[in-house]
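A.B. asks: Have a look at this prediction, sequence included:
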Amino acid sequence: MLESLCRMFPDADVFTHVVDRDAISKDIASHTIKTTFISRLPAPRRMYQAYLPFMPMALEQLDLTGYDLVISSESGPAKGIVPGPSAVHLCYCHSPMRYIWDHYHLYRSQAGLFKRLFMAVIFHYLRIWDQTSSLRTDKYLANSRFVAKRIKKYYNRDSTILYPPVAVHEFAPVDADELGDYYLWAGQLVRYKRPDIAIEAFCRTGQKLVVIGDGEERKALEKISGDNITFLGNAPFCDLKHHFARCKALIFPGEEDFGIVPVEVQAAGRPVIAFGKGGVLDTVIDGRTGILFPDCSVDGLVAAIEKFESSGLAQNCTADCVANAARFSEDKFQAGVRLALAELGINA
């Protein structure tokens, strides 16, 4: 999304807490990048998450005098900058901070005693600041209906839904005789994405599952996996494209604010079997480009796989998947940004 905005505004400056110049693209690196004092604290690239309590102060110290337009990319406290009185502030919200709102008790239950005490105090302050700073924006764009509802819930602000840009042109379907006989998991192996449900379901069914990605849950998941489950770890983009286009379907049992991977897999012509909550309600058409199941459990996923197997969807969904994915192109995203700015009196 940031790359797309940089292409829209080639003369814009980029403000961030920390930057790893070896990891950013040419589109971003070509811009002037300014950092907050977080970047001058010890080991900022490795420990930036630990500096969350200082981020509101750091953002408010940014001098944005002289800027007519500020676009904030919000999944943490980025919207909390203090723009000039005549500046227009458009906030693209990927998600209100989940760790202080709807996922607070989940994160707290996984923390140690000291960290739980710390979270109780600091996150109380962050919630107050987060709600107060939500008034500093002129308009919100939400990346899904799911996020729009949470913006209304926690900030009491209306928003316009604008899907993030997905590089759908990078993917393409293959001929039917190239399709594989395996299902696919792709993403970080972390608890909230529920890879445990996928692994346990395929241990039960015995069907082939390829797992691409790494994370804190990998070792535990490998221990309970059978020979029908293959872990590939992190894979280069060419390997991702290969498996996206050849899998029977993507398995997606987690709840995401939007979820880029389901769109990419559909752009490659393959369907998605997903837990029917969150961003997939916007990106997957139940019965046409995938199967949405209501019960986020091993039983629920097994039933969804059985339904998929008997539906014939794997052989008949390619055109629908590609057409559906086209709704999330960069051109449509940039057009949406321009329309939102026009509503605020800015021609872009």
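C.D. replies: Sure, I can see it. Residues are numbered from 1 along each chain as shown.

A.B. asks: Wait, residue 91 touches residue 139, no?
C.D. replies: Yes: the pair residue 91 / residue 139 is scored as a contact, 7.1 Å apart, by CB atoms under 8 Å. C-beta here means a position set from N, CA and C on the backbone, and glycine is covered the same way.

A.B. asks: quick one, which of the two is more surrounded?
C.D. replies: residue 91 (25 against 17; other CB atoms under 10 Å).

A.B. asks: Assumed that one was part of a strand.
C.D. replies: Yes: read with DSSP: H, G, I helix; E, B strand; the rest coil, residue 91 is one of the residues of a strand.

A.B. asks: Could I get the contacting residues of it?
C.D. replies: Residues in contact with residue 91 (CB atoms under 8 Å, 6 or more residues apart in numbering) are 71-72, 74, 78-79, 137, 139-141.

A.B. asks: Go again with 7 Å.
C.D. replies: Taking CB atoms under 7 Å, 6 or more residues apart in numbering as the contact definition, residue 91 lies against 72, 74, 79, 137, 140-141.

A.B. asks: Determine which two of those residues are furthest apart.
C.D. replies: Among the contacts of residue 91, the pair separated by the greatest distance (CB to CB) is 79 and 141, at 11.3 Å.

A.B. asks: Determine the number of other residues adjacent to residue 258.
C.D. replies: 22.

A.B. asks: Quick check: chain neighbours aside, which residue is closest to it?
C.D. replies: residue 279 (3.8 Å; CB to CB, 6 or more residues apart in numbering).

A.B. asks: hang on, the one you found packs against residue 261?
C.D. replies: No: at 10.6 Å, residue 279 does not count as touching residue 261 under the criterion of CB atoms under 7 Å.

A.B. asks: which one of those two has more residues nearby?
C.D. replies: Taking neighbours as other CB under 10 Å, residue 279 and residue 261 compare with residue 279 leading, 25 against 21.

A.B. asks: Who are the contact partners of the more buried one?
C.D. replies: 144, 146, 256-259.

A.B. asks: quick one: buried residues of the biggest helix by length in the chain?
C.D. replies: When the chain is parsed with DSSP state H, its longest helix is helix 113-133. Residues of helix 113-133 classed as buried under the neighbour-count rule (16 or more other CB atoms under 10 Å) are 119, 123, 126, 129-130, 133.

A.B. asks: how about those residues in TSV, adding pLDDT and distance to residue 305?
C.D. replies: What follows is those, written out as TSV (pLDDT from 0 to 100; distance: CB to CB, whole Å):
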residue	pLDDT	distance to residue 305
119	88	37
123	91	38
126	93	40
129	94	44
130	93	39
133	95	44
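
A.B. asks: Just the buried positions in stretch 236-247, please.
C.D. replies: Residues of stretch 236-247 classed as buried by neighbour count (16+ other CB under 10 Å): 240-247.

A.B. asks: ah, wrong one, I meant stretch 8-21
C.D. replies: 8, 14-19.

A.B. asks: Equivalent analysis for stretch 285-293, please.
C.D. replies: For stretch 285-293, a neighbour-count test (16+ other CB under 10 Å) marks 285, 288-293 as buried.

A.B. asks: Using CSV, list the CA coordinates for it.
C.D. replies: Provided in CSV are the C-alpha atoms of stretch 285-293 (Å, rounded to 0.1, in the frame of the first residue of the first chain):
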residue,chain,number,x,y,z
ILE,A,285,-17.5,-15.6,-2.8
ASP,A,286,-19.0,-18.6,-0.9
GLY,A,287,-19.8,-21.4,-3.3
ARG,A,288,-18.2,-19.7,-6.3
THR,A,289,-14.6,-18.9,-5.4
GLY,A,290,-14.3,-20.9,-2.3
ILE,A,291,-16.1,-22.3,0.8
LEU,A,292,-16.7,-20.3,3.9
PHE,A,293,-17.3,-22.4,7.1
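
A.B. asks: Could you list the residues in contact with that stretch?
C.D. replies: Residues contacting stretch 285-293 (CB under 7 Å, 6+ apart): 249, 266, 271-276, 280, 284, 300-301, 303-304, 307-308, 317, 320-321, 324.

A.B. asks: In helices only, show me those.
C.D. replies: Here DSSP H is the test, and the contacts of stretch 285-293 give 266, 280, 300-301, 303-304, 307-308, 320-321, 324 as lying in helices.

A.B. asks: JSON lines please, covering those and showing distance to residue 342, neighbour count and pLDDT.
C.D. replies: Putting the ones in helices among the contacts of stretch 285-293 into JSON lines (distance: CB to CB, whole Å; neighbours: other CB atoms under 10 Å; pLDDT from 0 to 100) gives the following:
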{"residue": "266", "distance to residue 342": "30", "neighbour count": "33", "pLDDT": "98"}
{"residue": "280", "distance to residue 342": "30", "neighbour count": "25", "pLDDT": "97"}
{"residue": "300", "distance to residue 342": "44", "neighbour count": "17", "pLDDT": "97"}
{"residue": "301", "distance to residue 342": "44", "neighbour count": "27", "pLDDT": "98"}
{"residue": "303", "distance to residue 342": "47", "neighbour count": "16", "pLDDT": "97"}
{"residue": "304", "distance to residue 342": "42", "neighbour count": "24", "pLDDT": "98"}
{"residue": "307", "distance to residue 342": "44", "neighbour count": "14", "pLDDT": "97"}
{"residue": "308", "distance to residue 342": "43", "neighbour count": "20", "pLDDT": "97"}
{"residue": "320", "distance to residue 342": "33", "neighbour count": "18", "pLDDT": "97"}
{"residue": "321", "distance to residue 342": "32", "neighbour count": "26", "pLDDT": "98"}
{"residue": "324", "distance to residue 342": "27", "neighbour count": "22", "pLDDT": "98"}
